[in-house]
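Asker: Show me the folded form of this:
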Amino acid sequence: MNKYENFTAKELAAEEVALALDSFSHEQALALGQMALTVIADAAVAMEVRKGNQLVFKASMPGTSQDNDWWLNRKFKAADRFGHSSLWVKKKFQEMGQDFEIDSGLDQDLYAAHGGSSSNYRQGHRGDWHRNLRPSDIRRSSVCCSNNRKFHRN
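Answerer: Numbers count the residues shown, from 1 in each chain. Predicted coordinates:
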């Protein structure tokens, strides 16, 4: 369990607001992806940087597989659908006494509520970037990552 597992959905939402970006260009997305590569250089991690639904940067390090790509997309879709991080989605369902996989009514082959992917908001409107690194790795970035631990572990 990482330290963000102990956060409430309200605390995670507040962090999303506090760490929001005013803008995010393709150039910034590429630079961020290159910077993130230095963080994950020796790890079996797959990562993406998206601007809205457009994939701008992608890297898959040795030790990853197409399963990582599947996890990235599922977490991205959950964050995109709910407008909050995929960890927020998980915590919100837990706080309601529900299990996302059972109670969301969503196809679990398409959506995953596990830590990682975030949907940014700015000035009350949906932003245009998503990330999937733990906040402790790169603060409020737009990187999506999935490591190669079995299944959904971040």
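Asker: use CA for all of it now, contacts and neighbours both
Answerer: OK.
Asker: Identify the residues contacting the nearest residue to Phe82 once chain neighbours are set aside.
Answerer: In this structure, Phe82 finds its nearest non-sequential neighbour in Val89, 7.1 Å apart by C-alpha to C-alpha, 6 or more residues apart in numbering. Contact analysis of Val89 by C-alpha atoms under 8 Å, 6 or more residues apart in numbering lists Ala9, Ala78, Ala79, Phe82, Phe100, Ala113, His114.
Asker: What strand or helix carries Val89?
Answerer: Using DSSP states H and E, Val89 sits in helix 86-95.
Asker: Just the buried residues of that helix, please?
Answerer: Using 16 or more other C-alpha atoms under 10 Å as the burial criterion, the residues of helix 86-95 that qualify are Ser86, Leu87, Trp88, Val89, Lys90, Lys91, Lys92, Phe93.
Asker: Could I have the CA atoms of it written out in PDB?
Answerer: Taking Å, rounded to 0.1, in the frame of the first residue of the first chain, the C-alpha atoms of helix 86-95 are listed here in PDB:
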ATOM      1  CA  SER A  86      -8.500   6.700 -10.700                       C
ATOM      2  CA  LEU A  87      -7.500   6.500  -7.000                       C
ATOM      3  CA  TRP A  88     -10.200   9.000  -6.200                       C
ATOM      4  CA  VAL A  89     -12.700   6.800  -8.000                       C
ATOM      5  CA  LYS A  90     -11.600   3.800  -6.000                       C
ATOM      6  CA  LYS A  91     -11.700   5.700  -2.700                       C
ATOM      7  CA  LYS A  92     -15.100   7.200  -3.500                       C
ATOM      8  CA  PHE A  93     -16.600   3.800  -4.100                       C
ATOM      9  CA  GLN A  94     -15.000   2.500  -0.900                       C
ATOM     10  CA  GLU A  95     -16.400   5.400   1.100                       C
END
